[in-house]
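# Fold the following.
(one chain, ligands or ions: 2)
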Amino acid sequence: AATRHHMWEISYQFTSPDCVRKLAVTINGQTPGPTIKAVQGDTIVVVVKNSLMTENVAIHWHGIRQIGTPWADGTEGVTQCPILPGDTFTYTFVVDRPGTYMYHAHYGMQRSAGLNGMIVVEVPPGQPEPFAYERDHTVLLNDWWHKSTYEQAAGLASVPMVWVGEPQSLLINGRGRFVNCSSEASCNVTHPDCSPPEFPVVPGKTYRFRIASVTSLSALNFEIEGHEMTVVEADGHYVKPFVVKNLNIYSGETYSVLITANQDPNRNYWLASNVVSRRPGTPTGTAVLSYYGGRSSPRARPPTSPPAGPAWNDTAYRVRQSLATVAHPAHVVAPPARSDRTILLLNTQNKIDGRMKWALNNVSFALPHTPYLVAMKRGLLGAYDERPPPETYDHAGYDVFSVQKNPNATTSDGLYRLQFSSVVDVVLQNANMLTANSSETHPWHLHGHDFWVLGYGAGRFDPAVHPATYNLKDPIMKNTVAVHPFGWTALRFRADNPGVWAFHCHIEAHFFMGMGVVFEEGVERVGELPPEIMGCGKTRGGH
Ligand code: C2O
Ligand code: CU
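Ligands and ions are numbered 1, 2, ... in the order given. Model (predicted):
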């Protein structure tokens with residue numbers, strides 16, 4: 001296996017991803033950052049120099065389990081102190097599984113400022129995959145605001161809250177087009193940053209599109225006009241292939257789809273992303289599927305209007321895709337038949353001191369000032385609340401379809417300590433928000449693991465009934481899963497990766513407002529911590 005070195009300088013640059021000039025956090029001047037390409041088993045070394053001047057940074061390798069390197073997970077407050085302006089930090093980790101992953105900032109709401117990109121891990125040469133294709137294309141989906149992430153964060157923490165609102169644009173590989181260009185002085189439709197991305201295809205050939213969503217807020221529907229897609233991979237795991245006209249993808253998820261260039265080659269076709277699950281306030285994001293060898297120029301715009309996607313509020317349609325996503329028959333990893341512990345997490349919108357929050361079992365998560373990994377390994381006392389958050393809620397009495405009676409929550413940086421190697425079930429229960437008749441989709445992401453997706457249900461989860469309906473035969477393994485409106489999602493994982501791991505809603509504003517928890521397992525088995533992860537909170541002077 002190879003070692004692949006990357007030197008990244010993180011800095012603010014003026015960019016125009018949707019033709020409107022905005023400061024973005026860039027890697028070597030680019031947003032999105034470069035795609036990390038590797039082969040299974042390779043070691044990735046990324047030397048990160050923080051040249052933001054007045055802002056910290058940390059980078060998370062989303063979907064990489066960090067086996068043996070929990071300090072390289074890049075989760076500020078959980079696994080490391082932030083990288084201070086002017087400092088350099090080296091992330092070293094092994095990509096132990098093939099598949100499609102991503103990376104992004106994990107500090108404040110910095111991910112939304114442009115620090116993101118993809119990771120593609122190929123199978124070793126000669127090792128077959130359960131499908132064939134000519135070559136691959138990478139598609140990174142994002143949503144984009146003109147307001148700075150500081151203004152967004154300050155608004156979320158204000159009383160009354162100033163919500164971030166719907167994004168101005170949807171980006172594909174960092175490019176989009178703001179529709180009201182004439183209304184913004186700094187908008188320039190001829191700026192090269194916002195020229196539509198092109199995806200070349202040769203008629204008759206089959207392509208693998210590796211698709212990742214790093215959106216801050218939006219659930220998206222992705223479509224390639226006129227072309228059916230066969231879903232073959234989800235979050236690095238082979239899927240029992242199924243065909244879709246369009247694909248729902250939530251923030252933090254990745255998919256591979258196969259498409260065959262079998263349409264009229266004398267024109268081009270749209271790639272389109274559309275908002276679903278929230279009432280859209282953002283125009284379609286577009287790119288061009290360019291046919292080579294036909295009569296039209298590969299650069300020509302398609303003659304049609306871009307696809308508008310399915311109805312934004314068709315939840316049943318999206319649940320069907322979730323249910324269709326199961327393991328490929330030749331690649332089933334059977335889950336343990338039962339769990340040692342079940343944690344039921346009720347997801348609610350709450351208030352604390354008049355501030356809008358999200359909470360699990362009425363506890364809204366706040367990151368500690370000292371990273372858990374260091375505090376636990378070094379026995380630093382008082383670094384976080386040692387009382388664990390509640391394991392369950394009043395599941396028999398709670399009406400998930402109504403606005404809750406007592407919306408007040410508490411804040412905690414307590415965490416769940418899991419017995420090493422035990423099997424843990426988590427059931428995420430979605431509920432009505434603080435507005436009547438509303439419930440959102442929450443994509444939950446687990447660091448350090450892949451979990452089995454055991455089931456989805458509508459309405460209230462009943463621990464006496466629903467576990468009997470779990471799919472223990474061929475559940476897909478994922479690292480991010482949707483919790484659908486008013487529904488529940490059950491997952492299972494083995495707590496066998498020594499470290500401290502965040503588990504949270506991947507909507508940037510929701511995690512910022514407390515929608516997350518943390519798990520610890522086998523921290524005593526973690527090797528010597530690199531001193532570079534320290535330097536904040538109670539770790540100061542500790543080495
Ligand atoms: Cu992709 Cu904790 O996030
Ligand atoms: Cu959420």
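# if I pick the residue of the stretch 151-300 of the chain at minimum distance from ligand 1, what's in contact with it?
Residue of the stretch 151-300 of the chain nearest ligand 1, by Cβ to the nearest ligand atom: Gly252 (4.9 Å). Every residue, glycine included, has its C-beta placed from N, CA and C. Each residue near Gly252 by Cβ atoms under 8 Å, 6 or more residues apart in numbering is listed here: His62, Met102, Ser213, Val214, Pro443, His445, Asn479, Thr480, His506.
# same question for whichever helix in the chain runs longest, mean pLDDT?
Assignment by DSSP state H gives helix 315-324 as the longest helix of the chain. Computed over helix 315-324, the mean pLDDT rounds to 98.
# my guess is Lys49 contacts Thr88, does it?
Yes: at 4.6 Å, Lys49 and Thr88 qualify as touching, with contact defined as Cβ atoms under 8 Å.
# The two: which has the busier surroundings?
Neighbour count, other Cβ atoms under 10 Å: between Lys49 and Thr88, Lys49 has more, with 17 against 14.
# Give me the neighbour count for the residue in the stretch 1-150 of the chain that ligand 2 sits nearest to.
Residue nearest to ligand 2 within the stretch 1-150 of the chain: Met109 (13.7 Å; Cβ to the ion). Using other Cβ under 10 Å, Met109 has 19 other residues around it.
# One more: the one 3 residues further on?
Residues within reach of Ser112, counting by other Cβ under 10 Å, total 30.
# my read is it is in a helix, agree?
Yes: membership of Ser112 in a helix is supported by DSSP: H, G, I helix; E, B strand; the rest coil.
# Mind telling me what element Gly397 is part of?
Gly397 belongs to no helix or strand when assigned by DSSP states H and E.
# how many neighbours does it have?
Residues near Gly397, counting by other Cβ under 10 Å: 6.
# mind checking how far it is from ligand 1?
32 Å (Cβ to the nearest ligand atom, to the nearest Å).
# likewise Phe503?
Taking Cβ to the nearest ligand atom, one finds Phe503 at 8 Å from ligand 1.
# Contact partners for Ser213?
Contacts for Ser213 (Cβ under 8 Å, 6+ apart) come out as Leu140, Leu141, Asn142, Leu220, Ile249, Tyr250, Ser251, Gly252, Glu253, Thr254.
# Count the neighbours of the fourth one for me.
Neighbours of Leu220 under the rule other Cβ under 10 Å: 27.
# Can you tell me the element it falls in?
Per DSSP H and E: Leu220 is located in strand 219-224.
# same question, Met118
Element membership of Met118 [criterion: DSSP H and E] is strand 116-122.
# partner strands of that strand, parallel or antiparallel?
strand 36-39 (parallel), strand 99-105 (antiparallel) (DSSP bridges).
# Make a markdown table from the ones you listed and add mean neighbour count, mean pLDDT and distance to Ile224 to it.
Formatted as a markdown table, the strands paired with strand 116-122 follow (neighbours: other Cβ atoms under 10 Å; pLDDT from 0 to 100; distance: least, Cβ to Cβ, whole Å):
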| stretch | mean neighbour count | mean pLDDT | distance to Ile224 |
| --- | --- | --- | --- |
| strand 36-39 | 18 | 98 | 23 |
| strand 99-105 | 25 | 98 | 17 |
